[in-house]
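>>> Pasting a predicted model and its sequence here:
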Amino acid sequence: MSGHSKWANIKHKKERTDSKRGKIFTKIGREIAVAVKEGGADPDANSKLKDVIAKAKSNNMPNDTIERSIKKAAGELGDINFESIVYEGYGPGGVAVIVEALTDNRNRTASDIRHSFDKNGGALGATGCVAWMFERKGVLAIEKTDGVDEDALMLTALEAGALDIDDSDDVLEITTDIASFSAVYEALEKSGYIFLFAEIQMVPENTVELSEDNETSVQKLLDMLDDNDDVQNVYHNAVL
């Protein structure tokens, strides 16, 4: 699930989600399992689990599927051996890329990620080589339909702790800090708004414009990383 927080990339992510929903649900289920193992099965006492549940709902994961995933994880904690690893590197045109993975085989995953970069004209780098260009934030996107009162939406989001609201084309994009993400999500959900997208992301501080050739190569890199079963999230600073 690659992208940064601008609507063009959110749209791309949503389209990929629609076409590969089963695979997305599997990846989110893995995130739920790890969150439960780390902090327990009660989302009110486990902020990481609460954030993953918000992500699951924004991807149209059914509530009963979410609940089953939590119960399964709570009952099989001894069998969950996934390790969280973050890879950083550069794609064509100097694009910064961050890859978040959950794996039960570090060597396999590292080899696969390196191959994806190498095959598409990029290079895997050392830890910290691009992370300084990003900041972890909550990002929520809501489509501007006839039934959406934009002023009321903005007021609700800001009162709940949103940092910024970007009115872009047909979408309102809300940005929060990590601590306020759940409160903003819950306030908007309670008000009946439907999310195109809602999750914690690594948001780039600056973006990179690409040539047509580099844009094609970067997209191939992102797609190849997205298709890797061990990869949970991919973030970048390209304008696509």
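Ah, there it is.
>>> where in this structure is pLDDT low?
Residue ranges of the chain with pLDDT under 70: 1-20, 76-80.
>>> Longest strand of it, counting residues only.
In the chain, taking DSSP state E as the definition, the longest strand is strand 134-143.
>>> For residue 216, which three-state class applies?
helix (DSSP: H, G, I helix; E, B strand; the rest coil).
>>> That one: how many residues sit nearby?
The tally of other residues near residue 216 (other CB atoms under 10 Å) stands at 14. Just so you know, the C-beta spots here come from the backbone N, C-alpha and C atoms, and that holds for glycine as well.
>>> Okay, it and residue 91: tell me how far apart.
Distance, residue 216 to residue 91, using CB to CB, to the nearest Å: 11 Å.
>>> Run through who's touching stretch 112-130.
If you take CB atoms under 8 Å, 6 or more residues apart in numbering as the criterion, stretch 112-130 is touched by 86-92, 95-99, 101, 217-218, 220-221, 224-225, 228, 230-231.
>>> Filter the residues you listed down to the buried ones and hand me the ChimeraX line.
Buried members of these, defined by 16 or more other CB atoms under 10 Å, are picked up in ChimeraX with:
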select :87,88,89,90,91,92,95,96,97,98,99,101,217,218,220,221,224,225,228,230,231
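>>> Among the contacts of stretch 112-130, which ones are in helices?
Those of these mapping onto helices are 217, 218, 220, 221, 224, 225, per DSSP state H.
>>> ok, so of the residues you listed, who is nearest residue 44?
Lowest distance from residue 44 to the ones in helices among the contacts of stretch 112-130 (CB to CB) belongs to residue 225, with 33.5 Å.
>>> ranges for the strands of the chain?
83-90, 96-103, 123-125, 134-143, 164-168, 171-176, 197-204, 231-236.
>>> Next, format those strands as a markdown table and append distance to residue 41.
Shown next, in a markdown table, are these (distance: least, CB to CB, whole Å):
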| stretch | distance to residue 41 |
| --- | --- |
| strand 83-90 | 19 |
| strand 96-103 | 18 |
| strand 123-125 | 35 |
| strand 134-143 | 22 |
| strand 164-168 | 33 |
| strand 171-176 | 25 |
| strand 197-204 | 20 |
| strand 231-236 | 20 |
